[in-house]
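Participant: Starting from these lines, generate the structure:
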Amino acid sequence: MVEEHDKLLPIANVGRIMKNIIPRNAKISKEAKETMQECVSEFISFVTSEASDKCHKENRKTVNGDDICWALSSLGFDNFSEFMLRYLHKFREYERHKAEQNKASSSEEKDEVTSYGLGLQPDTSAPFEFRILDKGGSSSSANPK
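Facilitator: All right, here's what the predicted structure looks like:
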């Protein structure tokens, strides 16, 4: 049987997220961290269960990001769903770009070997940038590496 504390997110992670949001001089009690830990763990289980039910009805075994976004929306968390869909799209775009760069650098290494190490390959190290819009409409740049 699974212990109750094994079903919860790690309290250190929950505390770290909470600390990032509050003012620097503010403190968080152990009780507040534990309460938040239980709440977020329950919320994640609730949303995941809804997504899992959808997958089961569709005879699928894997829950994906689109299923989570659908579950958020169907449970009335439309604002979260819209944000997560935008994030998911940007994440997939970034991963696709990263895979293309890896594929290109892999073939460039082969070219470099066949050109006797003369380094005759194009420069594909241009940074990839994307913007995430927050609810207020402003955007922040991210340059993942």
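Participant: quick check, Lys61 in a strand?
Facilitator: No: Lys61 is assigned coil when assessed by DSSP: H, G, I helix; E, B strand; the rest coil, not a strand.
Participant: residues in contact with the closest residue to it other than its chain neighbours?
Facilitator: Distances taken as C-beta to C-beta, 6 or more residues apart in numbering put Cys55 closest to Lys61, at 7.0 Å, once the chain neighbours are dropped. Yep, even glycine has a C-beta here, placed from its N, CA and C like the rest. Residues in contact with Cys55 (C-beta atoms under 8 Å, 6 or more residues apart in numbering) are Lys61, Thr62, Val63, Asp67.
Participant: Which strand or helix spans Cys55?
Facilitator: helix 30-57 (DSSP states H and E).
Participant: what's the offset of that helix from the middle of its chain?
Facilitator: How far helix 30-57 lies from its chain's middle: 16 Å, per C-alpha atoms, centre = their mean, to the nearest Å.
Participant: in it, what counts as buried?
Facilitator: Across helix 30-57, burial judged by 16 or more other C-beta atoms under 10 Å covers Lys33, Met36, Gln37, Val40, Val47, Glu50, Ala51, Ser52, Lys54.
Participant: May I have the residues that are in contact with the last one?
Facilitator: By C-beta under 8 Å, 6+ apart, the contact set of Lys54 is Asp67, Trp70, Ala71.
Participant: tell me the pLDDT at it?
Facilitator: Note on Lys54: pLDDT of 96.
Participant: Looking only at residue counts, what's the top helix in this protein?
Facilitator: Using DSSP state H to define each element, the chain has its longest helix at helix 78-114.
Participant: Ile68: how many residues sit nearby?
Facilitator: 22 (other C-beta atoms under 10 Å).
Participant: Please confirm that it is located within a helix.
Facilitator: Yes: if the criterion is three-state DSSP, then Ile68 is within a helix.
Participant: What separation is there between it and Gly76?
Facilitator: 15 Å (C-beta to C-beta, to the nearest Å).
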